[in-house]
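K.L.:
Provided below are the primary sequence and the corresponding predicted coordinates.
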Amino acid sequence: MIGADAIVKCLEAEGVTTVFGYPGVAICPFYNSILESDIRTILIRTEQNAAHAASGVSRITGRPGVCAVTSGPGATNVITGIATAFADSIPLICITGQVNSELLGSDVFQEADITGAVESFVKYSYLVKDANEIPRIVKEAFHIANTGRKGPVLIDVPIDVQNASVTRFKYPESVSLRTYKPTVKGNMVQIKKVVRELEKAKRPLICAGGGVLLGGAEKELCSFAEKHQIPVVSTMMGIGVMPTDHPLYFRMVGNNGKAYANRAMNESDLLIMVGARVADRAVNQPDMITRNKVLVHIDVDPAEIGKNAGPTIPLVGDAKHIFEDLEKEEFSCSTQEWIETLKNFRRTLATKRKPDPAYVDPAAFIMRLTERMEEDGIYVADVGQNQIWSCGYAKVRKGKFMTTGGMGTMGYSIPAAMGAKVAAPKRQVVAVCGDGSFQMSMMELATMCQHDIPVKIVVLKNNYLGMVRQYQHFTYKDNYSVVDLSGSPDLEKLSSAYGIPFLRLENMEKCDETIDAFLKDDVSMLLECIIDPMDLV
Amino acid sequence: MKRRIYSVLAENRSGVLCKVAGLFSRRCFNIDSLAVGETDDPAVSCMTIVSSGDERTIEQIEKQLNKKLDVIKVKTFAEHQCINRELMLIKIKYNKNNRREIMELCEIMKAEIVDMSKHFMMIQICSEPEKIKLMIKMLQSISIVEVARTGTLALCKCCENDEK
């Protein structure tokens, strides 16, 4: 057995079923060994998307997705995908090939110091020097990636280590890391303090972030909120924590969120932030959430607590465990009046759009699309104006809403949707992007065809980089600079070149029929929606 | 702005110093001084980092250091809570007129002349960082050729419930 075989064996032991990647000489031993395995290999068309696809797998399975790319440019290309996963705390294992270890540091062909380059975007990284270390390293990597605050781990394997013989292969059963023991269970003293504050509170509110979904705590949060009738808002990464039309859910906060959700946050007298970083997009002015209220901050990462806003009660731990413990505490709080106030905010502060009937209204379209999608369908939003509309109008029921909130990487939706579809072949997966973000990942149409990954793609086409155009509209008084997307391909011809069925929607007239035709059958399809180029989110 | 000393026990592996230093630069934390050496356990190194910042920064530095997987333990203390020392080697040019003055200075500062030639001498001083600064200031009027400093080393003052 050689090092490359050992890597494959380790992946099998971890239950990995798919590896996304792009080969090159430095990772060829691995790709040769994987032929002997049942693990499915998917040739992505650019390395960045290998990481996004693995991230898609991870969000659906709750286990780290895996990608494997070559040294040098392969490795540097994957960094954006890794950074995207890191910002959203998505567990990921990225295996990179590396030049011969004796040549390390001599700037030979396709050598890049990837562990150095990626340091600030990974939870941890390894440069493997001895093939016998592979089982321990892979075991640790999966453990690190998927525990505590989750995140990507990179394993850099020189080609000679992949080819070196492994004398004894034994996949370890447990991990012993003296430096890494994440706190999972919340401190009971702190939990009691939260309960005492909840008893006093008249206007309690839970703000759920991506950490709730990553911790698999949706059910626990929901049942706690329902038991005590505590309303819930979410950050962008927290969308899907509750069904959108749950009576206690008041949607997304932040400068791109709902005005009534922000109002709820400002007016609350007890705010429980859970699994959220309190970063600028969700909380523009951190002092607003500490002023005149008790702030409880729950996070599995102690460094997030107090980083952007000083909480009254810090509570380190995993959202699932903490809500389980909170659920056991008996107390009562009366929130009927507060919920009525919030409903009132929702009525009076709802966004009023005046869409031009000559175009598809993205807000109404997304609402209808998600209503007509299968109940457990997976909606993947890209980045740009389309993301804000998706967050504002998509209805999540029993399905999943995926997007990149932290890094905001354009081109995320198609590869992530592919990853999701591979992980859950029976579920409907729809990627919604703009014409800018679509063109950042349109090379993956080939991957979809080659590997039969039937993802539905919606392109909201306005011939602009809409989000930047909107910014230039407000900030530079319509002095547009480098936002015109003229020269984009005819998407109908492009689809037919890949053999993917195509539909176009030009206004709202045939919206429902077109959506139904688009969603019908488990096949790839591209739907182009012509939207108003001057529309604002 | 407050000054804090972080005594960081970390895995004694290649790349760890780079990760710790990188953390400071990436998050715009100051490093006023950094000293690294192996401990009694060759697998563990001790980094003594002196930094300064407001209350929130000081807390963040400790939390972010603790997040690094190669970091075993972080102890944070203020200067008055610890014994701190720095070693400096300083080479100066002398002549027969100031030789006596230099020797007297060394005596006062508890410094030692460790090497000399016809025109040059090397002085060693091990003291609190403040005294090191003072020594430099005193020797500036003479003619400093080269200076090498270790950076601050510090350990928390002894107390009876000290445990490893």
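P.N.:
Structure's in. What do you need?

K.L.:
Quick check: A:Glu528 is in a helix.
P.N.:
No - using DSSP: H, G, I helix; E, B strand; the rest coil, the assignment for A:Glu528 is strand, not a helix.

K.L.:
Quick check: bridge partners of it?
P.N.:
Beta-bridge pairing for A:Glu528 (DSSP bridges): A:Val459, A:Arg504.

K.L.:
what stretches of the chain score poorly on pLDDT?
P.N.:
Just going to use chain A. Applying pLDDT under 70 to chain A picks out no residues at all.

K.L.:
think we crossed wires, I meant chain B
P.N.:
B:163-164.

K.L.:
residue boundaries of the strands in it?
P.N.:
B:2-11, B:33-38, B:44-53, B:71-77, B:82-93, B:112-116, B:120-127, B:144-149, B:153-156 (DSSP state E).

K.L.:
residues in contact with the closest residue to A:Gly317 other than its chain neighbours?
P.N.:
Of all residues not flanking A:Gly317 in the chain, A:Gly186 sits nearest, at 3.5 Å (CB to CB, 6 or more residues apart in numbering or on different chains). All C-beta atoms are positioned from the backbone trio N, CA, C, and that covers glycine. Applying CB atoms under 8 Å, 6 or more residues apart in numbering or on different chains to A:Gly186 gives the contacts A:Ile298, A:Leu315, A:Val316, A:Gly317, A:Asp318, A:His321, A:Ile322, A:Asp325.

K.L.:
which stretch among the strands of chain B comes nearest chain A?
P.N.:
strand B:71-77 (5.1 Å; CB to the nearest CB).

K.L.:
tell me which parts of chain B are close to chain A?
P.N.:
Applying CB under 8 Å from any CB of the partner chain, we find that chain B lies next to chain A at B:11, B:15, B:18-19, B:22, B:26, B:56, B:59-60, B:63-64, B:66-67, B:69-72.

K.L.:
Can you say which of these are buried?
P.N.:
B:Glu11, B:Lys19, B:Glu59, B:Gln60, B:Lys63, B:Gln64, B:Asn66, B:Lys67, B:Leu69, B:Asp70, B:Val71, B:Ile72 (16 or more other CB atoms under 10 Å in any protein chain shown).

K.L.:
A:Lys510 - how many residues pack around it?
P.N.:
Residues near A:Lys510, counting by other CB atoms under 10 Å in any protein chain shown, number 12.

K.L.:
quick one: it from chain B, how far?
P.N.:
52 Å (CB to the nearest CB, to the nearest Å).

K.L.:
how close does that residue sit to A:Ala53?
P.N.:
As defined by CB to CB, to the nearest Å, A:Lys510 lies at a distance of 33 Å from A:Ala53.

K.L.:
Same question for A:Tyr476.
P.N.:
A:Tyr476 is 36 Å from A:Ala53, by CB to CB.

K.L.:
leaving aside the residues next to it on the chain, what's closest to whichever residue of chain B sits closest to chain A?
P.N.:
Distance from chain A to each residue of chain B (CB to the nearest CB) is smallest for B:Lys63, at 3.8 Å. Counting by CB to CB, 6+ apart, the nearest residue to B:Lys63 once its immediate chain neighbours are dropped is A:Ala303, at 3.8 Å.

K.L.:
can you pull the contacts of that neighbour?
P.N.:
Contact analysis of A:Ala303 by CB under 8 Å, 6+ apart lists B:Gln60, B:Lys63, B:Gln64, B:Asn66, B:Lys67.

K.L.:
okay but the last one is in contact with A:Asp301, surely?
P.N.:
Yes - counting by CB atoms under 8 Å, B:Lys67 touches A:Asp301, with 7.2 Å between them.

K.L.:
what about the residue lying farthest from the centre of chain A, distance to chain B?
P.N.:
Within chain A, A:Thr167 marks the point farthest from the mean C-alpha position, 39.6 Å out by CA atoms, centre = their mean. Look at A:Thr167 and chain B: by CB to the nearest CB, they are 23 Å apart.
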